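Peer 1: Fold the stuff below for me.
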Amino acid sequence: MKAAALFLFLVFSITASAQYPTILPERQRAAVIDEILEDRMDNLLPKLMREKGVDMWVIISREYNEDPIMKTMLPAVWLSARRRTIFVFFDNGTNVERLAIARYDVGNLLKGAWDLNTHPDQWDALVAAIEQKNPKKIGLNFSKYYAHADGLTFTEHGEMMAKMPEKFKSKIVSAADLAVSWLETRTDQEMVLYEQLGRISHQIIEEAFSEKVIQPGVTSTDDVVWWMRQKVTDLGLDTWFHPTVDVQRYDPENFDHLRTFSKRPDKQVILAGDLLHCDFGITYLRLNTDQQEHAYVLRPGETEIPAYLKAAYQQGNAVQDALTNNFKVGLSGNQILENALAQTKKEGIDGVIYTHPIGFHGHAAGPTIGMWDNQGKTIGAGDYLMRPNTAYSIELNASVRLEEWKKTIRIMLEEDGYYDGKTFRYIDGRQKEIFQIPRKAGHLGQ
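Peer 2: Sure thing, here's the model as predicted:
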């Protein structure tokens, strides 16, 4: 049997010894999802609608072309909208009424409010509900800067406006701020779950970056990528993007940051002395993780990671600190970026920051804090102000010149964190030491 084939056989035959947190079966997942959704509808939605001054929010989708917001509001057993599905949320001053302009209830949270005998046309039923409630503002999901909040399609908008009485057309406003706040705000219940998601994701990376998976000189970066994908599937989870694994090493090749995103070799064999990097995330219970970590493959005779790599890694952690120390409610993503970069420059660190919110989506709605190819202002999403109870993927890199390698490397880090409005914390901690391959054997000595 060829070496590569033998490796794959051994890797995929291994029964992992890692003890992962409990992963719920589908029926229990559904119960948890619905419980969280009910809490968000009961407690978060009224608060956000009043904060944004929108007393009616109308969300319209057709089956298999769901508005991104509606996808987060469907019960667990609804995997898509049905035919045309219309949600209407109306704040009557006491509570938020939840209606579905549909022939049936949507789970237990939205009451069906379309009587075919009275209004054979669904749009007429919507207009009747609007006339009955007589809202001051009607929020619709359209947005220039957030795809998440731009779910109202051209066709649906046109048909709705053709039926809408003139007196209500002037009341229509963009619900973008409301939509983004709905997406970015994390509840206490969700944050309990996020701890588990972060731990599962970290443990998959830790196992992937170990001698259980990597045999130097045989294993390729692509082998590790597919091991990670298979592990996610075996655990009954999903991933929202294809993982990546890349290598930096002592060789004449200059590291090209773009290679990590689009020019990465597919099957680069991992060798002793390589600094490995991965980008990885999972999806579970409608939430997502996004993490980047590093490992080093010991050379023959080495017993620990070289001091110059440890020092380089600390610069990456310092960029993380410079960023999160500048989190403040009311500051825009652009201002936080400017402040953080000023701090890294003062500390003599060459940092690049490209941090994004995370939650219902991997690249989620909220303040963008830099782009990997733009360290200036990001118009639109970068102008959005930071709010409390929000989660972020702290994504960035530090460029470090290694005289030992006669080249500049990048320490590329990404860890998920939570900001409560006063303090920031990493949801399941952050990597502060490079993984060592193979791990130290405590019972052995020189």
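Peer 1: Report the contact partners of residue 278.
Peer 2: If you count contacts by C-beta atoms under 8 Å, 6 or more residues apart in numbering, residue 278 has them with 205, 208, 209, 224, 228, 243, 244, 245, 246, 292, 293. The way it works is simple: take the backbone N, C-alpha and C, and place the C-beta from them, glycine included.
Peer 1: what secondary structure does it sit in?
Peer 2: Assigned with DSSP: H, G, I helix; E, B strand; the rest coil, residue 278 falls in the strand class.
Peer 1: Bridged to it, which residues?
Peer 2: residue 245, residue 293 (DSSP bridges).
Peer 1: how close does it sit to residue 190?
Peer 2: The gap separating residue 278 from residue 190 is 25 Å, by C-beta to C-beta, to the nearest Å.
Peer 1: How about residue 143?
Peer 2: From residue 143 across to residue 190, the span is 23 Å (C-beta to C-beta).
Peer 1: Can you give me the end-to-end span of stretch 181-194?
Peer 2: Stretch 181-194 has an end-to-end distance of 18 Å (criterion: C-alpha to C-alpha, to the nearest Å).
Peer 1: again, but for stretch 141-155
Peer 2: In stretch 141-155, first residue to last residue: 13 Å (C-alpha to C-alpha).
Peer 1: Give me the buried positions along that stretch.
Peer 2: Across stretch 141-155, burial judged by 16 or more other C-beta atoms under 10 Å covers 141, 142, 143, 145, 146, 148, 149, 150, 151, 152, 153.
Peer 1: correct me, but residue 211 touches residue 435?
Peer 2: No. Here residue 211 does not reach residue 435: they are 10.6 Å apart, not a contact under C-beta atoms under 8 Å.
Peer 1: higher neighbour count, the two?
Peer 2: In this view residue 211 and residue 435 are compared by other C-beta atoms under 10 Å, and residue 435 has more residues nearby, 19 against 13.
Peer 1: give the contact list for the residue nearest to the more buried one when sequence neighbours are not counted.
Peer 2: What sits nearest to residue 435 in space, not counting adjacent residues and going by C-beta to C-beta, 6 or more residues apart in numbering, is residue 295, at 3.7 Å. Under the criterion of C-beta under 8 Å, 6+ apart, the contact partners of residue 295 comprise 209, 210, 275, 276, 434, 435, 436, 437.
Peer 1: Show me which of the buried residues of stretch 141-155 is closest to residue 285.
Peer 2: Minimum distance to residue 285 across the buried residues of stretch 141-155 is 18.8 Å, recorded for residue 148 (C-beta to C-beta).
Peer 1: Local confidence estimate at the closest one?
Peer 2: Each residue has a pLDDT score; the one for residue 148 is 95.
Peer 1: Who are the contact partners of the nearest residue to it once chain neighbours are set aside?
Peer 2: By the measure of C-beta to C-beta, 6+ apart, the closest residue to residue 148 outside its immediate chain neighbours is residue 365, 4.3 Å from it. Neighbour list for residue 365: 146, 148, 149, 179, 180, 183, 184, 357, 359 [criterion: C-beta under 8 Å, 6+ apart].
Peer 1: same check, this time on residue 111
Peer 2: Neighbouring residues of residue 111 by C-beta under 8 Å, 6+ apart: 98, 99, 100, 105.
Peer 1: ok, now which ones touch the residue lying closest to the last one once chain neighbours are set aside?
Peer 2: Which is residue 105. Beyond its immediate neighbours in the sequence, the residue positioned closest to residue 105 (C-beta to C-beta, 6+ apart) is residue 112, lying 4.7 Å away. Contacts were defined as C-beta under 8 Å, 6+ apart; by that measure residue 112 touches 99, 100, 102, 103, 104, 105, 106.
Peer 1: Could you count how many residues lie near the spatially closest residue to residue 235 that is not a sequence neighbour?
Peer 2: Ranked by C-beta to C-beta, 6+ apart and with sequence neighbours excluded, the top spatial neighbour of residue 235 is residue 23, at 5.8 Å. The criterion is other C-beta under 10 Å. On that basis, residue 23 has 14 neighbouring residues.
Peer 1: For residue 23, which three-state class applies?
Peer 2: For residue 23, the assignment made with three-state DSSP gives coil.
Peer 1: rewinding a little: so what pLDDT did the residue nearest to residue 105 get?
Peer 2: Residue 112 carries a pLDDT value of 82.
Peer 1: Distance check, it against residue 242.
Peer 2: Between residue 112 and residue 242 the computed distance is 40 Å (C-beta to C-beta).
Peer 1: can you put the buried residues of stretch 141-155 in TSV and add secondary structure and distance to residue 404?
Peer 2: Formatted as TSV, the buried residues of stretch 141-155 follow (DSSP: H, G, I helix; E, B strand; the rest coil; distance: C-beta to C-beta, whole Å):
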residue	secondary structure	distance to residue 404
141	coil	53
142	coil	54
143	coil	49
145	coil	44
146	coil	45
148	helix	45
149	helix	48
150	coil	49
151	coil	52
152	coil	56
153	coil	56
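Peer 1: can you put those residues in TSV and add distance to residue 173?
Peer 2: As requested, these are arranged in TSV below (distance: C-beta to C-beta, whole Å):
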residue	distance to residue 173
141	11
142	10
143	11
145	16
146	15
148	17
149	12
150	14
151	15
152	12
153	18
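Peer 1: tally of neighbours for residue 316?
Peer 2: The number of residues packed near residue 316 is 25, by other C-beta under 10 Å.
Peer 1: That one contacts residue 398, doesn't it?
Peer 2: Yes. Applying C-beta under 8 Å, one finds residue 316 in contact with residue 398, separated by 4.5 Å.
Peer 1: Nothing else from me, thank you.
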